[in-house]
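Colleague: quick one: sequence plus predicted model below, questions after.
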Amino acid sequence: MVAPNNQQRVIVVGGGLAGLAGTVRIAESGINVDLFSLVPVKRSHSVCAQGGINACNEVARQQGYSEFEHFEETVYGGDYLANQPPVYEMAHMAPKIIDLLDRMGVPFNRTAEGQRDLRLFGGSLYKRTHFAGATTGQQLMYALDEQTRRYEAEGKVNKYEFWEFLRPIIDEDGRCRGIVAQDLRSMQIRAFRADAVVMATGGPGLVFGKSTNSVMCTGAAAARCYRHGVKLGNPEFVQVHPTAIPGADKLRLMSESARGEGGRVWVPAVKNGNGWQPHPDAGRDPRQIPDGERWYFLEEKYPAYGNIVPRDIATREIFNVCMDGFGVGGGNMVYLDLTHKPAEFLETRLGGIMEIYRKFVGEDPVEVPMKIFPGVHYSMGGLYTTYESAEDHKGMVKGAPGNMMTNIPGLYAFGEVNYQYHGANRLGANALLSCIFDGLFCGESVVGYTRDMVANPSAKLEQSLYDAGTKAEEDRQNTLISSSGDENPYHIATELGNEMTAASTVVKTGPRLDKARSKIDELRERFTRISLADGAMWSNQNLSWSRAVDDMLIMADAMLCASSLRKESRGAHYREDFPERNDAEFLKTSVAVFDWATGRSRIEYEDVELGLSKPRLRNYAKAGLTAGSDAEKNGPETSDDPKASVRNSDPNGEPDINGKKVGAAAVEGGSNS
Amino acid sequence: MIASNETAKSSSETRRIKLTVLRQEGPGKPKRRESFDVDVSNVGGSDNVISCLQKVAANPTTKDGKASTPIAYESGCLEEVCGSCTMVINGAVRQACSCLIDDYAPNDGDEIVLEPMSKFPVIRDLWVDRRRLFNDLKRVKAWVPIDGTYHLGAGPEESPDDQQTRYRLSTCMSCGCCLEACPQYTYEDLDDEGKAPEGAFVGAAVISQARYFNEHETGANLKKVRLDELSKPGGVSDCGNAQNCVEVCPKEIPLTESIGSVGRQVTIHAVKKFFSGS
């Protein structure tokens, strides 16, 4: 291996799971990392992840599961919009990632024998989700935070906490050579040199006002890259999680693991000759409602998967029963019921979310069914990235500089801000995996790229390139501070959130999306007339927030534009006016390009790389989601794959129900629960 | 609405509370109290201290009708897992996000008083500099010394009981509540890197993290280094056994148990060192 130039540096923006995993992997290779974060990295949004992290494991393997099954569940659950080679690579690295986290000391729940325990999660009939109580994200974050601190103590990582990313620095050749950032305490704006930059800045939940996201998840960092030439991939795909609890400030997630551990979703109803009807008495104590007057609608409609159908499906069903008048108390709520489970079981496996529900709602889910409703949760879309496909689409070329690089050379996107892996709908417990996978696997690609740049380091570039970036951001800030109109940035953000939630979440239509675009235009015009309540040049959070609102408006326009043009329904994107999936026209990635001249988004389409699993319609009423791959054309991926013969027997790519009945039964005999 | 939640039902209409904040524009600047009227309700989810601060930010006009500025504070997850929004509320330290207005100011006109933590330098308003805590985690090498991130198989097996013990310790979010409540943890001016002067007490959070890593099979490889560090002035013997830490910990981490455990480890370590002469 080429020794790295000790002057070379990599900047990582974002200290969540993806950013920290990347930092650790890059620092380990001998390249110093400057790590930028809006918050002390230990407080990053990844701590909010609850349920777990997916990986094939020995028990599931002996029941007929494999990395290939994990891969197929992921692309099938994502309604075939994910490029398949990266997903293949991720699923195959997943067991090694779990081992690594285990070595780092993550307190994964254990079986009686001391093995890592497993649980069921959405979109799978096998137990393949590893977990640490119901705070898995927090535990994984801390393990990576600790390893980062270790490298920081050794001088290999330099943290810039409470620093906000403002723009990438792009040179004449179109390469990313650093960033401009601002110290949120002193408000100093500075440019930093880097030989590669990794954006690991998470999702844009706040574009929708209230979401399950943390307060810093504005999507502003991604929008700032977008303004400066980075494309977006599939911005119209935003996951609405089926089970959240509403609050005045945010929506709090109630993990899918609640259903994976046996939680049942129901509404009060009565059944007569016309089927289920809303119960006339809306105010009953749920504990007094007899079983015959509880409509377990997910179990009824999806006998094979029941309560663990993928999120987009559960969300639409919950939304629809509420629209049909079945909601608890006539409102927008359904019950998520764990009261049939023993208290100790719930405490050991779901303690974290039980505590959140008790603290924020004031009721005990051990005693009373929880009341939940869907909430904006995760963006499948994000910065557009490329990768180098391995032979026969089976994964990516290890260490190749192009893996998860955006269209700007030297600028990478890891984690939620990267549009790869999840297609049109992310499966539960795949997010933590994709974040860490990006950091570890694609971190090596950053190292590879940096080594390739050894003769042309950013340290040798003219200072004027950096000064120009600093100046441009100082100008932008001055414009904001000196603006003295009658508009309030907080009110603009609230209107933006309300509009986006109403127009572009569970159900979308062309006319409503177009109306929302007009609204965004109006808000953007009004934004030019804002005035800030605080003009201080010390720790001015008002300024930082207002600047982010401006960027959120741009992100919203891209989401709406892509939503409006995708005239089909796929995964999380449901168009009431085009309710069917349309592979002929739309089995394509939406690629959004920002047009400086108009300030608007332009959408291009790009083919999805398939090749391993042949697209077919999803049907979670039946077991047998993944059997019937395109095995005939590509052959089984390993000769010892026990399911290969099943797939080969099915040249037409139809779901093979028999092949999966084994799996459905195997769940009952799964690991200790 | 179910029977057990009658109190929430009776307060479901909008009411106006008084939010008083101890403000400071920056380090070395004078402190002042400012009060705001905030309308709260529990329609569409209960209000909490953070949602009140958000309302003030959108309309920073004081109770007396004077134009003011949004209040600076740290926040993150708003579900008590990130540790950002620690502040002193009505005299007691806690997370602001889980501080429900229905509990703290159930009636029209009730007042809630917000102050920054007193043990850390104020950056602005309720936002304080907690770098000292993260630096102290470095001092006790709060990590498992793994041989890099390449695949080397699984970690050590662990009994469910041991996992449950470690899990509770691992939920520490470095919020600083235990430090604010501790009589021995005193305010210190921090250097440029955010470090306290030598000999300043590390506090319960850091001692408990040392225990967490000492109890992991691989983490224990650094046990001696951690115990050496905690044997010094500012280490575990500085604990005055007030037990305030465990009372205020929002994660209910058994902090006094951790201090006891590490205290015993330090004693044994010292005795061994004495007899081995090292």
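Modeller: Received it, and whenever you're ready, just let me know what you need.
Colleague: residue 207: what secondary structure?
Modeller: Let's take chain A. Each residue gets one of three states, and residue A:207 gets helix by DSSP: H, G, I helix; E, B strand; the rest coil.
Colleague: stretch A:71-85 spans what distance, first to last residue?
Modeller: Using Cα to Cα, to the nearest Å, the end-to-end distance of stretch A:71-85 comes to 9 Å.
Colleague: what about it, average pLDDT?
Modeller: For stretch A:71-85, mean pLDDT rounds to 98.
Colleague: give me the distance from it to the chain's centre.
Modeller: 14 Å (Cα atoms, centre = their mean, to the nearest Å).
Colleague: how about the strands in chain B?
Modeller: Shown for chain B, the strands assigned by DSSP state E span residues B:15-24, B:31-40, B:86-89, B:92-95, B:111-115, B:122-124, B:127-128.
Colleague: quick one: the ones you listed as a markdown table, columns for mean neighbour count, distance to chain A and mean pLDDT too.
Modeller: All C-beta spots, glycine's among them, are computed from the backbone N, C-alpha and C. What follows is the strands of chain B, written out as a markdown table (neighbours: other Cβ atoms under 10 Å in any protein chain shown; distance: least, Cβ to the nearest Cβ, whole Å; pLDDT from 0 to 100):
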| stretch | mean neighbour count | distance to chain A | mean pLDDT |
| --- | --- | --- | --- |
| strand B:15-24 | 19 | 10 | 97 |
| strand B:31-40 | 16 | 8 | 97 |
| strand B:86-89 | 23 | 11 | 98 |
| strand B:92-95 | 21 | 9 | 98 |
| strand B:111-115 | 18 | 15 | 98 |
| strand B:122-124 | 23 | 4 | 98 |
| strand B:127-128 | 23 | 6 | 98 |
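Colleague: and those strands as a markdown table, adding distance to residue A:45?
Modeller: Below are the strands of chain B laid out as a markdown table (distance: least, Cβ to Cβ, whole Å):
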| stretch | distance to residue A:45 |
| --- | --- |
| strand B:15-24 | 26 |
| strand B:31-40 | 26 |
| strand B:86-89 | 18 |
| strand B:92-95 | 16 |
| strand B:111-115 | 24 |
| strand B:122-124 | 22 |
| strand B:127-128 | 19 |
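Colleague: for residue A:56, what are its contacts?
Modeller: Each residue near residue A:56 by Cβ atoms under 8 Å, 6 or more residues apart in numbering or on different chains is listed here: A:65, A:66, A:67, A:69, A:70, A:91, A:94, A:95, A:128.
Colleague: farthest pair within those residues?
Modeller: A:69 and A:95 (12.6 Å; Cβ to Cβ).
Colleague: near chain B, which residues of the stretch 1-150 of chain A?
Modeller: A:24-25, A:28, A:39-40, A:42-45, A:47-48, A:96, A:98-100, A:102-105, A:107-116, A:132-133, A:135, A:138-139, A:142-143, A:146-147, A:149-150 (Cβ under 8 Å from any Cβ of the partner chain).
Colleague: neighbours around the residue lying closest to residue A:430 once chain neighbours are set aside, how many?
Modeller: Leaving aside its sequence neighbours, residue A:430 sits nearest to residue A:54 (Cβ to Cβ, 6 or more residues apart in numbering or on different chains; 5.5 Å). By other Cβ atoms under 10 Å in any protein chain shown, 30 other residues sit near residue A:54.
Colleague: confidence score at residue A:54?
Modeller: Reported pLDDT for residue A:54: 98.
Colleague: return the backbone torsion pair for it.
Modeller: phi -80, psi 140 (degrees, to the nearest 10).
Colleague: how near is it to residue A:87?
Modeller: 12 Å (Cβ to Cβ, to the nearest Å).
Colleague: residue A:568 too?
Modeller: 21 Å.
Colleague: next: residue B:81.
Modeller: 29 Å.
Colleague: do residue A:374 as well
Modeller: Taking Cβ to Cβ, one finds residue A:374 at 25 Å from residue A:87.
Colleague: looking at the two, which one has more neighbours?
Modeller: residue A:87 (28 against 25).
Colleague: contacting residues for that one?
Modeller: For residue A:87, counting by Cβ under 8 Å, 6+ apart, the contacting residues are A:71, A:74, A:75, A:420, A:421.
Colleague: export those residues to a markdown table and tack on secondary structure?
Modeller: Output for the contacts of residue A:87, formatted as a markdown table (three-state DSSP):
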| residue | secondary structure |
| --- | --- |
| A:71 | helix |
| A:74 | helix |
| A:75 | helix |
| A:420 | coil |
| A:421 | coil |
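Colleague: just flag the most distant two among those residues.
Modeller: Of all the pairs that the contacts of residue A:87 form, the one spanning the most space (Cβ to Cβ) is A:71 and A:420, at 13.2 Å.
Colleague: surely residue B:177 touches residue B:96?
Modeller: No: assessed by Cβ atoms under 8 Å, residue B:177 is found out of contact with residue B:96, at 11.5 Å.
Colleague: out of the contacts of residue A:56, name the ones that lie in helices.
Modeller: A:67, A:69, A:70, A:91, A:94, A:95 (DSSP state H).
Colleague: skipping its backbone neighbours, what lies nearest residue A:115 in space?
Modeller: Counting by Cβ to Cβ, 6+ apart, the residue nearest residue A:115 is residue B:157, at 6.8 Å.
Colleague: burial count for the one you found?
Modeller: Residue B:157 has 15 nearby residues by other Cβ under 10 Å.
Colleague: ok, now which ones touch the residue of chain A most remote from its centre?
Modeller: Distance from the C-alpha centroid of chain A, by Cα atoms, centre = their mean, peaks at residue A:273 (42.7 Å). Counting by Cβ under 8 Å, 6+ apart, residue A:273 makes contact with nothing.
Colleague: phi and psi next, for it.
Modeller: The phi/psi pair for residue A:273 (degrees, to the nearest 10) is phi -60, psi -20.
Colleague: where is the longest helix in chain B?
Modeller: helix B:255-276.
Colleague: how about that helix: buried residues?
Modeller: Using 16 or more other Cβ atoms under 10 Å in any protein chain shown as the test for burial, helix B:255-276 gives B:255, B:256, B:258, B:259, B:260, B:261, B:262, B:263, B:265, B:266, B:269.
Colleague: go through the residues you listed and name the one nearest residue A:507.
Modeller: residue B:255 (48.6 Å).
Colleague: ok, so what distance separates the closest one from chain A?
Modeller: Applying Cβ to the nearest Cβ, to the nearest Å, the value for residue B:255 to chain A is 17 Å.
Colleague: who are the neighbours in contact with that residue?
Modeller: B:178, B:204, B:205, B:207, B:208, B:245, B:246, B:249.
Colleague: repeat the analysis, applying 6 Å as the threshold.
Modeller: The contact partners of residue B:255, by Cβ atoms under 6 Å, 6 or more residues apart in numbering or on different chains, come to B:178, B:204, B:208, B:245, B:246, B:249.
Colleague: now residue A:143
Modeller: Counting by Cβ under 6 Å, 6+ apart, residue A:143 has contacts A:101, A:104, A:106.
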